[in-house]
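> build the 3D model from these lines:
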Amino acid sequence: MSLLPGTARQVDLLVAQAQSAGRAPSVVMGVVRDGSLVHVATAGEHPAAHPDLQYRIGSISKTMTAALVMQERDAGRLSLDDPLEKHLPGTGVSGLTLRQLLGHASGLQREPVGEWWERAEGADLATLLAGVNADKIAYPAHRAYHYSNLAYGLLGGVLERITGTPWADLVRLRILDPLGLRRTTYAATEPFARGYVVHPWHGTLREEPRTDTGAMAPAGQLWSTVEDLARWAAFLADPAPEVLAPGTLTEMCAPVVISDLDSWSGGHGLGLELYRDGDRVYVGHGGSMPGYVSALAVHRPSRTAVVGFANAYGFGIGGLGRRILTTVLDTEPPLPRPWRPTSAAPSTGVTEVTGRWWWMGVPLDISWDAAAGELDVLMRGERMNRFVAEGPDRWRGCSGPEHGEILSVLRDDSGAVVALDIATFVFTRSPDQEP
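Just a heads-up that it's a prediction; the model follows:
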């Protein structure tokens, strides 16, 4: 599978234009569709990029830290509403919850105390915790979005205390190895691109240090390649259940806080950034460390994603990645699932509820999707909900506005079906019947 030549040319052009205008030594972007890396666009020659060349992913590391926290939640070893005090006592910010820390809704200050952690050798967890006190609350918790790298250092500490395993080992054992991310590593591993700051006036390069960030590693330490980051993007689109339950990943994509209250163009879930582009919402994260920037944006409904790197601090790679993703989706929209005839008639319990129903003069049409084993419900000709059988005459909403609600089949004394009750709204076979 690959992009159409015209689409590939548009992607290549966007990358080339961005690299030239943004003066990046090298840029590499990859397009992912249905779990596969289908196109790689590169620009710049310092070095010449390729899909197996490592760059630093920066804050994309946070998405893996968040996945580790959710694994622990699913295993029953923590609750997202646990106060930090339960796992890291004595910090002075102990009332903040893990959910608030994951969603950048805790109000915790952006950085730990001391030198700029991204460019300095990191301290251990005890040193990090010693610098945390009540004065580190920069904004009232859950009042608004306030990004915090420090929050993810603390979450890494929570994981270490609960599991007894250092974060670096935990992310390797729980995520990198199971997903085959062999070129995603804690420290740079050849071949890797050196990272630079580009001089604004004469275009020379200053190579940046490649630090071990210590206890702040869960916020931005990892290195990866386009090939590996494409696998992680494919996982975020369609997770491997043995690593993280699909429903848990969907939970991570629900907004904890809106980051732009004026236009609602973005927000933050449980470790994942949310970006609105027209009617689409992308999930992912950006990343930056001295000398490097990275991008990850995923459109989950179509299983399409863009990942990428540049080795110049300050290069606008996040906007570039989302422009590429929108270009691919606009130019090559995913094909709908083909309709196939049903091999056998559904059961009586299904046929009794299919067809047209009415509520207050409004039509409701129910059909049977044999492949999915679900009722497909349309109101006024528009898809609303899907329901899955939960028992005799009882169906549970599994998508749409009635997700989780109950559809009950109502029968008369003779056993004939006379109405449907959907969350107390009663639908009858005739518009003349009162509900």
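> what's the average pLDDT for whatever helix or strand residue 160 lives in?
Using DSSP states H and E, residue 160 sits within helix 149-163. On average, the pLDDT along helix 149-163 is 96.
> which residues touch residue 188?
54, 56, 210, 223 (C-beta atoms under 8 Å, 6 or more residues apart in numbering). The C-beta positions use only the backbone N, C-alpha and C, and glycine is treated the same way.
> what's the answer for residue 210, then?
Contacts of residue 210 (C-beta under 8 Å, 6+ apart): 56, 187-188, 195, 291.
> so which strand or helix has residue 18?
Going by DSSP H and E, residue 18 is in helix 5-22.
> for the helix or strand following that helix, which strands pair with it and how are they oriented?
Per DSSP H and E, the first helix or strand lying C-terminal to helix 5-22 is strand 27-33. Counting by DSSP bridges, the strands paired with strand 27-33 are strand 36-43 (antiparallel), strand 304-310 (antiparallel).
> tell me where the stretch 101-250 of the chain has strands.
Under the criterion DSSP state E, counting those that start in this stretch, the stretch 101-250 of the chain contains strands at 196-198, 205-207, 223-224.
> quick one: residues in contact with the second one.
Under the contact criterion C-beta under 8 Å, 6+ apart, strand 205-207 has outside partners 25, 46, 194-199, 291.
> buried residues of that strand, list them for me.
Residues of strand 205-207 classed as buried: residue 205 (neighbour count, 16 or more other C-beta atoms under 10 Å).
> residue 400 versus the nearest residue to residue 275 once chain neighbours are set aside, what's the distance?
Using C-beta to C-beta, 6 or more residues apart in numbering and skipping the chain neighbours, the partner closest in space to residue 275 is residue 282 (4.5 Å). Going from residue 282 to residue 400 by C-beta to C-beta, to the nearest Å gives 21 Å.
> residue 136 too?
Taking C-beta to C-beta, one finds residue 136 at 42 Å from residue 400.
> which of those two has more neighbours?
Neighbours around residue 136 and residue 400, counted as other C-beta atoms under 10 Å, are more numerous at residue 136. The numbers are 21 against 15.
> rewinding a little: farthest-separated two in the contacts of residue 210?
Farthest pair in the contacts of residue 210 (C-beta to C-beta) is 187 and 291. Separation: 14.6 Å.
> between those two, point out the one with more neighbours.
residue 291 (26 against 13).
> the more buried one: what's it in contact with?
Taking C-beta under 8 Å, 6+ apart, one finds 56, 194-197, 207-208, 210, 311-313 in contact with residue 291.
> coming back round to it: which one, of the strands of the stretch 101-250 of the chain, ends up nearest to residue 175?
Of all these, strand 223-224 comes closest under C-beta to C-beta, at 11.6 Å.
> centre of the chain to that closest one, how far?
18 Å (C-alpha atoms, centre = their mean, to the nearest Å).
> stretch 115-134 now?
27 Å.
> for that stretch, buried residues please.
117-118, 120, 122-123, 125, 128-129, 132.
> ditto for stretch 80-90
Neighbour-count burial for stretch 80-90 [16+ other C-beta under 10 Å]: 80, 83-84, 87-88.
> measure it end to end?
Distance between the two ends of stretch 80-90: 19 Å, counting by C-alpha to C-alpha, to the nearest Å.
> which outside residues touch that stretch?
Contacts to stretch 80-90, defined as C-beta under 8 Å, 6+ apart, come from residues 69, 73, 78, 91, 93-99, 101-102, 129, 154, 157-158, 161-162, 270.
> what's the offset of it from the middle of its chain?
25 Å.
> now that stretch: mean pLDDT?
When pLDDT is averaged over stretch 80-90, the result is 94.
> which ones are touching the residue of the chain most remote from its centre?
Residue distances from the centre of the chain (C-alpha atoms, centre = their mean) peak at residue 414, which lies 51.0 Å from the mean C-alpha position. Counting by C-beta under 8 Å, 6+ apart, residue 414 touches no other residue.
> that one: which element?
Secondary structure assignment for residue 414, by DSSP H and E: no helix or strand.
> which residues touch the closest residue to residue 147 other than its chain neighbours?
With sequence-adjacent residues excluded and distances taken as C-beta to C-beta, 6+ apart, residue 147 is closest to residue 104, at 4.9 Å. Counting by C-beta under 8 Å, 6+ apart, residue 104 touches 145-148, 151, 256-257, 259, 268.
> go through the residues you listed and flag which are in helices.
Counting by DSSP state H, the part of the contacts of residue 104 found in helices is residue 151.
> check the contacts of residue 104 and tell me the two furthest apart.
Using C-beta to C-beta, the pair of these lying farthest apart is 151 and 259, separated by 14.4 Å.
> so which of these two has more stuff around it?
Each of residue 151 and residue 259 has its neighbours counted (other C-beta under 10 Å); residue 151 has more, 29 against 21.
> list the contacts of that one.
Shown in contact with residue 151 (C-beta under 8 Å, 6+ apart): 101-102, 104, 106, 108.
> now, which of the residues you listed sits nearest residue 170?
residue 102 (16.1 Å).
> thought that closest one was touching residue 66?
Yes: Residue 102 lies in contact with residue 66 (C-beta atoms under 8 Å); the separation is 5.6 Å.
> tell me, what's touching the two both at once?
With C-beta under 8 Å, 6+ apart, residue 102 and residue 66 have common neighbours 155, 270-271.
> want to try JSON lines for those residues, with distance to residue 355 and neighbour count as columns?
JSON lines is the format used below for those (distance: C-beta to C-beta, whole Å; neighbours: other C-beta atoms under 10 Å):
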{"residue": "155", "distance to residue 355": "51", "neighbour count": "25"}
{"residue": "270", "distance to residue 355": "41", "neighbour count": "24"}
{"residue": "271", "distance to residue 355": "44", "neighbour count": "25"}
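> on that earlier part again, switch the contacts of strand 205-207 over to TSV; also include distance to residue 358.
Listed next are these as TSV, based on distance: C-beta to C-beta, whole Å:
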residue	distance to residue 358
25	66
46	68
194	68
195	64
196	67
197	67
198	66
199	71
291	64
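> which of the residues you listed are buried, as a PyMOL select command?
In PyMOL, this line selects whichever of those come out buried by 16+ other C-beta under 10 Å:
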select buried, resi 25+194+195+196+198+291
